[in-house]
Every structure is written in C-alpha cells, then in structure tokens.
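**Q** Next input, structure requested:
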Amino acid sequence: MNYSPASIIVYYIVNELSKMTDPSDGDTWPLYDSFMPDGPQAETDCGAVYDMSGVMDERYMSGEVVAHQGVRLSIRSSDKNIGYAKIEDIALALDAVKLETFSVGSSSYSIQNISRASVVESLGVEPGTKRRYHFAVDYLLTIKEN
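**A** Down below sits the predicted model:
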C-alpha cells in the first residue's frame, strides 16, 4: 500500500465521514496522523490515529495473504464527557463501515471491514497537564489497495 493504515483512516474520518477536520484547515477537532501536538500552546480538543499491530489471518487459494491492519483512534479533550462523546460518535460511525471504496491521493482503497478490537477506554489525564483527558479505541481493518 502507498499509505499506512493510520493515514488511510485519518483521511476517511476527515473526508468521508466528516467527523473531524484536517489540521491544515485551522478548524475545530483536527485529526492528526500518528501524533498529537504537545505543549501548552497546542489545541486540547484533537485526535490522532496510530498504526498498531495487526493480525495475519489466512491465505486464499490464489496465494494472497489476508492481513488485518491494526490502528488506534485516540481523542484528547479539555472536557471528559465531550471527549468521550466525540470518540463514541466516531466509533459508531466506523462500526457501520463496510465495503467502502475511496481515493487517497492517486491511490484507491477498499475498506472491506472495520472491527473494534476494544471498547472505548479512558486513558486518564495527560501527564503534566491539569485537564487534557484521553480516550482510545483499537481497530482491526481489512483494507485492499485497488
């Protein structure tokens, strides 16, 4: 694949689901690819998608190996309940995704399936801050480049 699973899901959440925004837009709830900005000047209400371990599943008779890529969606918020509601809203939207085809740059991808590998979990308050609440949910994805 030309893009990592995290990059593909960031694109999908921002551009196909419209649940968060592109950081370059300067709008509310930006979604970052594999990092969250730090420091006191960084926005608090934001999110990131990280690549994680996936699962090798099986091999088709044609010889193609099926890999389920792993990603983690993480949300940070200044308000615990708003942060929880935001990640739950995105999680429910991702739960409904099946057989979606879209383009990222010049590459076309098909999301066959997005399966939650965990419930939404509270990661507590960001160390060194007074009120930056963190939440995360893990997924296994079946993505094919067309």
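**Q** Return the helix or strand in the protein with minimum mean pLDDT.
**A** Least confident helix or strand of the chain, by mean pLDDT, DSSP states H and E, is strand 46-59 with a mean of 86.
**Q** May I have the strands that pair with the very next helix or strand once past it, each with its orientation?
**A** Note on strand 46-59: by DSSP states H and E, the next helix or strand toward the C-terminus is strand 65-77. Its sheet considered, strand 65-77 pairs with strand 46-59 (antiparallel), strand 133-145 (antiparallel) by DSSP bridges.
**Q** re the thing from before, what are the buried residues along the least confident helix or strand of the chain?
**A** Of all the residues in strand 46-59, those buried under the rule 16 or more other C-beta atoms under 10 Å are 46, 47, 48, 49, 50, 51, 54. (Glycine included, C-beta is placed from N, CA and C.)
**Q** Low-confidence ranges, the chain, go.
**A** Counting by pLDDT under 70, the chain contains low-confidence ranges at 59-64.
**Q** report the longest helix in it, please.
**A** helix 80-95 (DSSP state H).
**Q** which helices and strands does that helix pack with?
**A** Helix 80-95 sits against strand 46-59, strand 65-77, strand 107-116, strand 133-145, with contacts defined as 3 or more C-beta pairs under 8 Å, 6 or more residues apart in numbering; DSSP states H and E.
**Q** If we use 10 Å, what do you get?
**A** On a contact count with 3 or more C-beta pairs under 10 Å, 6 or more residues apart in numbering; DSSP states H and E, helix 80-95 meets strand 46-59, strand 65-77, strand 107-116, strand 121-125, strand 133-145.
**Q** Which of the buried residues of strand 46-59 sits closest to residue 94?
**A** residue 49 (10.5 Å; C-beta to C-beta).
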